[in-house]
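Student: Take a look and give me a structure for this.
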Amino acid sequence: MVPAVEGRNRTEICVLHALFGCDIECALTEINTFLNKHQGEVIVLDFQKVYGFQLTNDHFLTRLIIQLYEDKLCPRKHSSPQPPSLEFMHEKGYQVIAVNNVGAEHSDLFWPRNSFPNHWYNTKSATHLLGCLNQGLEDRDLDSFHVSQAILTPRPSTVVTHPFCSLESCLARKANAMVEQEWLPHVRKEGGEVNIVITDFVQEGNIVEEVIRLNYDRRRPAVLDDRSKKKLNARGKTEKERRASKHKRMVHGGGEVAGVAKA
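Tutor: Numbers count the residues shown, from 1 in each chain. Have a look, this model is predicted:
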């Protein structure tokens with residue numbers, strides 16, 4: 001985001017992604033309208049990069065967020081050391097997690113950037129990205145949020161060798177196919193702790209449905225019959241370890257997947 005250009009109201013802030021977009025107040029208002037119509041939805045507002053901001057711009061933005069979302073904001077201190085689950089947020093009526101360092105310095109309604117690790121893998125290879133996503137889940141702290149950034153990044157050579165291709169046709173479709181057909185099935189098979197997934201052009205394929213399905217998969221051990229429980233135990237875990245693992249998934253992940261967001 002950047003402050004408004006010369007000649008416009010300096011308290012107006014625009015969205016920026018290569019080109020100037022809409023006024024941030026319009027965007028946030030539209031999101032609030034969506035949340036009012038869909039009270040089971042949760043939105044993560046992550047203000048990663050700002051350009052040319054002064055302290056007055058920061059204060060304007062934080063006041064705007066509080067004014068628009070009020071009771072929808074999930075506070076940083078929510079009586080639990082673990083990240084809030086979707087189930088917890090639904091029970092409390094929270095629908096928004098706002099990530100902003102300046103806001104976090106003055107209010108518990110905002111979360112600091114370091115509470116949302118979001119590693120950019122900077123690769124154009126789907127195979128390399130797959131390994132990075134898997135390693136990221138292995139290394140993640142279960143007491144913190146974790147963003148799996150499933151995005152391929154073009155190199156100058158990519159642009160030169162694909163002059164008539166778009167980002168979507170050249171890289172995004174390849175990345176999304178890997179996520180849907182390889183990574184998420186692997187996560188489901190291994191019981192990986194996915195939290196938040198980011199992809200480009202998320203409307204393509206069934207990635208959203210597959211991520212949502214992980215939440216339901218994690219609840220199944222609680223209702224399995226004895227035969228199914230024996231199959232799960234055959235993975236080499238003791239009954240005590242299995243129960244501890246199930247509890248961890250229910251606490252940290254049984255509703256923790258915040259969804260898929262378009263980058």
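Student: buried ones in stretch 170-178?
Tutor: 170, 171, 172, 173, 175, 176, 178 (16 or more other C-beta atoms under 10 Å). All C-beta atoms are positioned from the backbone trio N, CA, C, and that covers glycine.
Student: Tell me the one among these nearest to residue 202.
Tutor: Residue 202 lies nearest to residue 176 out of the buried residues of stretch 170-178, by C-beta to C-beta, at 7.7 Å.
Student: Does the closest one belong to a helix, a strand or coil?
Tutor: helix (DSSP: H, G, I helix; E, B strand; the rest coil).
Student: State the distance from it to residue 183.
Tutor: 10 Å (C-beta to C-beta, to the nearest Å).
Student: domain assignment for this protein?
Tutor: What automatic domain parsing lists as the domains of the chain is 2-115, 126-262.
Student: And those domains, which one averages the lowest pLDDT?
Tutor: Lowest mean pLDDT within the domains of the chain: domain 126-262, at a mean of 74.
Student: The most centrally placed residue in the chain pairs with what?
Tutor: For the chain, the residue sitting closest to the mean C-alpha position, by C-alpha atoms, centre = their mean, is residue 196 at 3.4 Å. Beta-bridge partners for residue 196, by DSSP bridges, are residue 147, residue 259.
Student: Surely it is in contact with residue 148?
Tutor: Yes - between residue 196 and residue 148 there is a contact under C-beta atoms under 8 Å: 6.9 Å.
Student: And the strand or helix carrying residue 57, what's buried?
Tutor: Taking DSSP states H and E as the definition, residue 57 sits inside helix 55-69. Within helix 55-69, the residues that qualify as buried by neighbour count (16+ other C-beta under 10 Å) are 57, 58, 60, 61, 62, 64, 65, 68, 69.
Student: Helices of the stretch 51-200 of the chain, start to end?
Tutor: For the stretch 51-200 of the chain, helices defined by DSSP state H, counting those that start in this stretch occupy the ranges 55-69, 86-92, 101-106, 126-139, 156-161, 167, 173-178, 184-190.
Student: what's the neighbour count on residue 206?
Tutor: 13 (other C-beta atoms under 10 Å).
Student: what residues are up against the residue lying closest to it once chain neighbours are set aside?
Tutor: Sequence neighbours aside, residue 180 is the residue nearest to residue 206 in space, at 6.1 Å (criterion: C-beta to C-beta, 6 or more residues apart in numbering). Residue 180 makes contacts with 205, 206, 207, 210, as judged by C-beta atoms under 8 Å, 6 or more residues apart in numbering.
Student: Out of those, the closest to residue 160 would be?
Tutor: For the contacts of residue 180, the minimum distance to residue 160 (C-beta to C-beta) is 28.0 Å, reached by residue 205.
Student: Could you tell me how far the closest one is located from residue 178?
Tutor: From residue 205 to residue 178 the distance is 11 Å (C-beta to C-beta).
Student: Including distance to residue 217, could the helices of the stretch 51-200 of the chain go into CSV?
Tutor: Below are the helices of the stretch 51-200 of the chain laid out as CSV (distance: least, C-beta to C-beta, whole Å):
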stretch, distance to residue 217
helix 55-69, 31
helix 86-92, 14
helix 101-106, 33
helix 126-139, 15
helix 156-161, 35
helix 167, 31
helix 173-178, 20
helix 184-190, 6
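Student: what's the closest of these to residue 41?
Tutor: Among those, the nearest to residue 41 by C-beta to C-beta is helix 86-92 (9.7 Å).
Student: Buried residues, that closest one. List them.
Tutor: Quick answer for helix 86-92 (16+ other C-beta under 10 Å): 86, 88, 89.
Student: Among those, which one lies nearest to residue 37?
Tutor: Among the buried residues of helix 86-92, and counting by C-beta to C-beta, the member closest to residue 37 is residue 89, at 17.1 Å.
Student: Would you mind measuring from that closest one to residue 29?
Tutor: 21 Å.
Student: ditto for residue 47
Tutor: 16 Å.
Student: and what of residue 13?
Tutor: Using C-beta to C-beta, residue 13 is found at 13 Å from residue 29.
Student: between these two, which one's more packed in?
Tutor: residue 13 (23 against 13).
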